[in-house]
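Q: Provided below are the primary sequence and the corresponding predicted coordinates.
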Amino acid sequence: MSKVRTRFAPSPTGYMHVGNLRTALYAFLTARNAGGDFILRIEDTDQERLVDGAVDIIYNTLKENGLVWDEGPDVGGDYGPYVQSERMGIFKDYAVQLVEKGEAYYCFCTPERLAKLHEEQKAAGEAVGHYDRCCRELPREEVERRLNAGEPYVIRQKMPTEGTTYFDDLIYGRVEVENSELEDQILIKSDGMPTYNFANVVDDHLMGITHVVRGNEYLSSTPKYNLLYAAFGWETPVYIHCPPVMKDAHTKLSKRNGDASYQDLVAQGYLKEAILNYLLLLGWSPKGDEEYFTLDEMIKRWNPAWINKAPAIFDIVKLRAFNAQYINRTSDEEFVKLARPYVESVVKRPINLELLCVNLKPRCEILSDIPARVAFIQEMPEYSIELYRNKKFKTTENDALVALEKLLPALEAVQDWSRQGVYDACAPLVAELGVKAGWLLYPLGIALSGMQATPGGGTDVAAVIGKELTLERMRNAIAKLRAEL
RNA sequence: GCCCCCUUCGUCUAGUGGCCUAGGACGGUGGAUUCUCAGUCCAUAAACAGGGGUUCGAUUCCCCUAGGGGGUGCCA
């Protein structure tokens, strides 16, 4: 058996949506799992959708996710060029070959005639759009004559009129259609350029693609592709059609709907490893209960036959959960690197960043959760002294005042201003007062942050923001309580 | 209109005729634990679209219905 070769063939639209990334991942895994090659082909022939810098987005997205391609526009290869617009010259000869084999024919029908035809079909209640095969049996001499006269033409595929055509899909099984349903589709347009349907088949064959991995919107067209392979006498590839990634039960995820692209998600503080891992499982499942995989593990475990048939709804809540897990699994050092820009975007004063990050790590699902959690460090928010009331410790504002007044001198005396140092100064008071630690320390957190939920307990916050600021805020908190009680 | 495809907890899914009193994960709920909140641990509710067959036995096979998606371009 020949070496497995798969390709990812995106349009450079400037928007890598997660469904595309997933298709790229599946194609990559299908190749790598079999020890085969992964090819990148840029399909840039749709000028309307062409966007500057879009190719770089494709390169960068694949690269930063480790989806390394063996052949592509930038790295070359034996089957180039890998940019479709540079291949435009090669298709017409293949179409002419088919004409000579009697598998295709020249059609001189004008767009006007076709439009009229469609109207008539509509009026008669027939299937709209199907060409009436007017030029299919034109005498050879007439064809020659009109060609020589420079009449505009297209080349159409000659479809069988009876019987059925099928293909076997790895995911969907056998898909069969009546040949009578098939239209004599255009292969070469009047401008001499190939249609997508034609170029795609020729490109895949010329590039030696053995496994075609793509979205299932091509399911209905694939029988026609198989007919093309047969007309040329080429071997058909293994087809792997993937169900779409949905926004909800009715609509696909798309740029048009303003749905988040891969790069949007990264900008929001999702880790690329988490995104890829989530995408892996969106429509595919391994045998077994494990869910967290590195790229290497994905390659080992991959089996394209386990792709699910049904559409999958993209669930941001579950992605957040995956992201939280990935954040939790990073080392402390690594997390500091990730979190630093988010912290420093709002905190401009000196703090114990390492300690803050240790406390932040289990408390954020995505990196962009960070600013709102640490903003209090830069500036105390307005807050109500009602925050001091706590059911669990049965404390009131009055208790808080007592606690803070006890705490202040104890903390003023602390020399070792670390988390442990601060806590050691508080512990004796807990024993002395015969209260729970929370009774004493919960008010501290409020006094230092003006918030009920902080990254870490009172002693953590104190250690993070430093002695000077801690004492200042405690004094302010005591004054506020005295004034408002 | 015609053609193709899909349908298991709210969501992602396991399940290929008996192992299913339908499993896991996220989310939900309840509890334990910690100086708040998280995290962690434990427990719990929650699904085979509907109707016919086939079979000793259907989530699994067949048919119909419903719902959904896609295709039907000189777009890709």
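A: Nice, thanks for sending it over. Numbers count the residues shown, from 1 in each chain, chains lettered A, B, ... in the order given.
Q: in which helix or strand would I find residue A:402?
A: Using DSSP states H and E, residue A:402 sits in helix A:397-412.
Q: Does anything pack onto the longest helix anywhere in chain A? Which helices or strands?
A: Across chain A, the longest stretch assigned as helix under DSSP state H is helix A:467-484. Where contact means 3 or more Cβ pairs under 8 Å, 6 or more residues apart in numbering; DSSP states H and E, helix A:467-484 is packed against helix A:397-412, helix A:437-449, helix A:458-465. The way it works is simple: take the backbone N, C-alpha and C, and place the C-beta from them, glycine included.
Q: List of residues touching the shortest one?
A: Surrounding helix A:458-465, the residues in contact under the criterion Cβ atoms under 8 Å, 6 or more residues apart in numbering are A:349, A:351-352, A:355-356, A:359, A:377, A:411, A:417-419, A:421-423, A:426, A:441-445, A:448-449, A:454-456, A:470, A:473.
Q: And for the second one?
A: Residues outside helix A:437-449 that contact it (Cβ under 8 Å, 6+ apart) are A:376-377, A:380, A:383, A:387-388, A:390, A:392-393, A:395, A:399-400, A:403-404, A:406-407, A:426-427, A:429-430, A:433, A:451-452, A:454, A:457-459, A:461-462, A:465, A:470, A:473-474, A:476-478.
Q: Likewise for stretch A:171-180?
A: Stretch A:171-180 is contacted from outside by A:159-169, A:216, A:219-220, A:222-223, A:240-243, A:304-305, A:307, A:309, using Cβ under 8 Å, 6+ apart.
Q: element containing the residue of chain A positioned farthest from its centre, please.
A: In chain A, counting by Cα atoms, centre = their mean, residue A:432 sits farthest out from the average C-alpha position, at 56.4 Å. According to DSSP H and E, residue A:432 maps onto helix A:419-433.
Q: rewinding a little: measure how far the helix holding residue A:402 is from the centre of its chain, please.
A: Relative to the centre of its chain, helix A:397-412 is centred 51 Å away, using Cα atoms, centre = their mean, to the nearest Å.
Q: go on, stretch A:4-14?
A: 15 Å.
Q: likewise stretch A:194-203?
A: 27 Å.
Q: Residue numbers of the stretch 201-350 of chain A in contact with RNA strand B?
A: Neighbours of RNA strand B within the stretch 201-350 of chain A, by Cβ under 7 Å from any atom of the strand: A:216-221, A:243-244, A:246, A:249-252, A:281-285, A:287, A:289, A:291, A:306, A:308-313, A:315, A:317-318, A:321, A:324-325, A:328.
Q: Leaving out the residues flanking it, which one is nearest to residue A:102?
A: Nearest non-adjacent residue to residue A:102, counting by Cβ to Cβ, 6 or more residues apart in numbering: residue A:158, 7.0 Å away.
Q: For that neighbour, give its distance to RNA strand B.
A: Separation of residue A:158 from RNA strand B (Cβ to the nearest atom of the strand, to the nearest Å) stands at 15 Å.
Q: quick one: contacts for that residue?
A: Neighbouring residues of residue A:158 by Cβ under 8 Å, 6+ apart: A:102-105, A:136, A:184.
Q: got CSV for the residues you listed, with neighbour count and secondary structure too?
A: Shown next, in CSV, are the contacts of residue A:158 (neighbours: other Cβ atoms under 10 Å; DSSP: H, G, I helix; E, B strand; the rest coil):
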residue, neighbour count, secondary structure
A:102, 9, coil
A:103, 19, coil
A:104, 27, strand
A:105, 21, strand
A:136, 16, coil
A:184, 20, coil
